[in-house]
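>>> quick one, structure for this:
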Amino acid sequence: MAVFKAIYNLLWGDLVEIPLPGGSTLGLSLLVMILVPAGVYFTVRTRFLPFRLFPEMVRVTLSNNKKTEHGLSGVQALIVSTACRVGMGNLVGVVAAISAGGAGAVFWMWIMALLGSSTAFIEATLAQLYKEKDPLYGGYRGGPAYYLHALFVPKGSRRKHSVIAALFALSGLICWCGISQVTSNSISASFENAFHIPPLYSTIALVIVAAVIVLRKHATVRVLDIMVPVMAACYFFITLFIILKNAPLLPGVFSRIFAEAFGLRQVVGGGIGAVIMNGTKRGLFSNEAGSGSAPCAAAASHIDHPAKAGLLQALGVFIDTLVICSCSAMIMLLTPAELTNGLEGMDLLQAAMRYHLGEFGVIFIAVILWLFSLSTFLGILFYARSNVAYLFGDRWGAQLAYKILALVMLFIGGLAAYQFVWDLGDVGVGLMTVFNMIALFPLAPKALASLRDYEKNVMHKSS
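Just a heads-up that it's a prediction; the model follows:
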């Protein structure tokens with residue numbers, strides 16, 4: 001635990017503290033100091049891609065949904081990555097950010113999405129450029145372990161592993177075990193609140209359903225194809241109903257978000273640092289841009305130009321933070337504060353839903369959380385395929401062993417301490433991000449060259 005805490009503090013603790021008016025300080029963690037400048041840098045280098053090419057992202061998404069025998073379609077890869085993004089970070093993570101940082105944290109989550117989409121473009125495009133055939137599952141595989149390998153191992157070398165690539169793959173497998181715990185932990189809490197089901201029973205049910213899917217060779221993508229669009233649409237439309245029902249309160253909510261993001265009261269009260277950091281940290285955890293997770297799905301897609309995979313994953317960041325995270329924020333901020341004071345996590349979110357929709361709201365959020373959590377678990381096991389293969393070779397035994405380990409962690413997480421499982425997920429994401437970023441900067445010119453080629457030879461011709 002001491003070693004774990006030391007790593008957590010190195011990644012997420014305040015390495016630099018900037019004094020602010022009112023006696024507050026803005027603490028900058030290592031990951032914030034890596035990801036925020038990276039987001040700004042890639043946004044500038046892609047010539048503000050999130051704004052300039054948003055219509056193209058949508059067009060590419062609509063035109064790359066045909067299934068193929070040679071791998072995932074572009075949209076299937078987007079669905080797999082969305083399955084992981086649209087999970088705990090969107091529900092409990094947003095609640096945690098607002099609880100600790102107030103309404104202003106939402107604004108900083110939005111900023112992280114805008115910056116993160118450029119980073120997501122770079123890493124997904126690189127994943128396409130360095131993908132390879134997958135002899136076990138068919139189609140393609142890849143991700144940061146593979147482009148890190150290409151960066152550090154000369155062509156023609158017989159070396160099977162690069163140290164940095166192996167560390168990324170290992171940290172990814174650790175991270176996804178941690179996230180497995182987070183998913184089941186949140187489910188057991190929500191089902192206990194909604195249905196008074198003991199955590200042991202809800203966890204056993206989740207593990208059985210997950211095992212039936214992940215232990216079959218091709219079931220994961222087929223299930224996610226159906227589950228992710230349905231659950232995201234249900235959550236979006238229920239939230240839209242709540243927003244329309246409370247439409248007169250919206251100007252006040254947006255005013256509060258912007259006022260608290262830069263507000264005088266937060267500066268004077270010494271809380272502006274907490275507002276910025278909680279929004280930033282949860283935004284980074286939620287959209288995963290720069291962590292190297294989504295490229296594992298992007299590499300698996302069979303697509304006719306690498307930049308298209310980048311545009312699809314850039315749109316995924318928008319879907320995650322600007323749509324789904326904003327839904328959770330609106331549910332919270334349209335609830336009277338006196339009803340949620342002293343609550344946290346699932347208790348807080350379910351209290352808000354009870355206010356808006358009565359007992360149906362509590363049941364709905366428990367069911368939607370179950371779907372979000374299961375889809376996250378299925379998605380991370382898809383990610384794990386390429387990393388297990390990189391570390392242990394093309395062996396079904398290694399693939400099966402990791403699936404069983406993840407299922408065990410899923411079971412343990414349903415009964416584990418709440419804060420620890422979040423910290424384990426944060427540590428895993430942090431380590432992945434550090435290793436992934438080692439490759440992104442030196443290899444970024446290849447992704448940028450792919451973007452220029454796409455704009456000149458594909459977009460130009462189609463227009």
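
>>> can you map out the helices along the stretch 51-200 of the chain?
Assigned by DSSP state H, counting those that start in this stretch, the stretch 51-200 of the chain shows helices spanning 54-63, 74-85, 94-101, 104-129, 144-152, 163-195, 199-214.

>>> angle of the first one against helix 104-129?
Put simply, helix 54-63 runs at 60 degrees to helix 104-129, going by axes from the mean of the first three to the mean of the last three Cα atoms, to 10 degrees.

>>> re earlier: and the helices of the stretch 51-200 of the chain as TSV, adding mean pLDDT, mean neighbour count and distance to residue 444?
Placement of C-beta: from N, CA and C, glycine included. Converted to TSV, these look like this (pLDDT from 0 to 100; neighbours: other Cβ atoms under 10 Å; distance: least, Cβ to Cβ, whole Å):
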stretch	mean pLDDT	mean neighbour count	distance to residue 444
helix 54-63	85	16	19
helix 74-85	74	28	20
helix 94-101	72	24	29
helix 104-129	87	28	5
helix 144-152	93	25	11
helix 163-195	82	24	17
helix 199-214	87	17	34
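
>>> relative to residue 405, which of those helices is closest?
Among the helices of the stretch 51-200 of the chain, the nearest to residue 405 by Cβ to Cβ is helix 163-195 (6.6 Å).

>>> as TSV, the helices of the stretch 51-200 of the chain with distance to residue 7 would be great.
TSV is the format used below for those (distance: least, Cβ to Cβ, whole Å):
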stretch	distance to residue 7
helix 54-63	35
helix 74-85	22
helix 94-101	20
helix 104-129	22
helix 144-152	19
helix 163-195	10
helix 199-214	27
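
>>> let me know which of these is the nearest to residue 406.
Closest to residue 406 of these, according to Cβ to Cβ: helix 163-195, at 5.1 Å.

>>> and that closest one with helix 74-85, angle?
70 degrees.

>>> of the helices of the stretch 51-200 of the chain, give the one that comes closest to residue 135.
helix 144-152 (14.4 Å).

>>> quick one: list the elements packing against the closest one.
Of the remaining helices and strands, those touching helix 144-152 by 3 or more Cβ pairs under 8 Å, 6 or more residues apart in numbering; DSSP states H and E are helix 104-129, helix 163-195, helix 294-298, helix 359-392, helix 418-453.

>>> residue 326 and residue 235, how far apart?
Going from residue 326 to residue 235 by Cβ to Cβ, to the nearest Å gives 11 Å.

>>> quick one: closest of the helices of the stretch 51-200 of the chain to residue 358.
Residue 358 lies closest to helix 163-195 among those, at 12.3 Å (Cβ to Cβ).

>>> report the distance from that closest one to the chain centre.
12 Å (Cα atoms, centre = their mean, to the nearest Å).

>>> and it, what does it pack onto?
helix 144-152, helix 199-214, helix 345-357, helix 359-392, helix 396-413, helix 418-453.

>>> that older thread, so for residue 365, which of the helices of the stretch 51-200 of the chain sits nearest?
helix 163-195 (6.6 Å).

>>> which ones are touching residue 439?
For residue 439, the contact set (Cβ atoms under 8 Å, 6 or more residues apart in numbering) comprises 126, 144, 147-148, 151, 164.

>>> how close does the spatially closest residue to it that is not a sequence neighbour get to residue 142?
Distances taken as Cβ to Cβ, 6 or more residues apart in numbering place residue 148 nearest to residue 439, at 4.8 Å, with adjacent residues excluded. With the distance defined as Cβ to Cβ, residue 148 ends up 11 Å from residue 142.

>>> next: residue 443.
Noted for residue 443: a distance of 13 Å to residue 142, by Cβ to Cβ.

>>> those two: which has the busier surroundings?
Neighbours were counted for residue 443 and for residue 142 using other Cβ atoms under 10 Å; residue 142 has more, 26 against 20.

>>> residues in contact with that one?
By Cβ under 8 Å, 6+ apart, the contact set of residue 142 is 127-128, 130-132, 295-296, 298-300, 386.

>>> out of those residues, which are buried?
Among the contacts of residue 142, those buried by neighbour count (16 or more other Cβ atoms under 10 Å) are 127-128, 130-131, 295-296, 298-300, 386.

>>> where does pLDDT dip in this structure?
Along the chain, the model assigns pLDDT under 70 to residues 20-26, 64-71, 84-93, 100-101, 263-287, 344-346, 416-422, 460-463.
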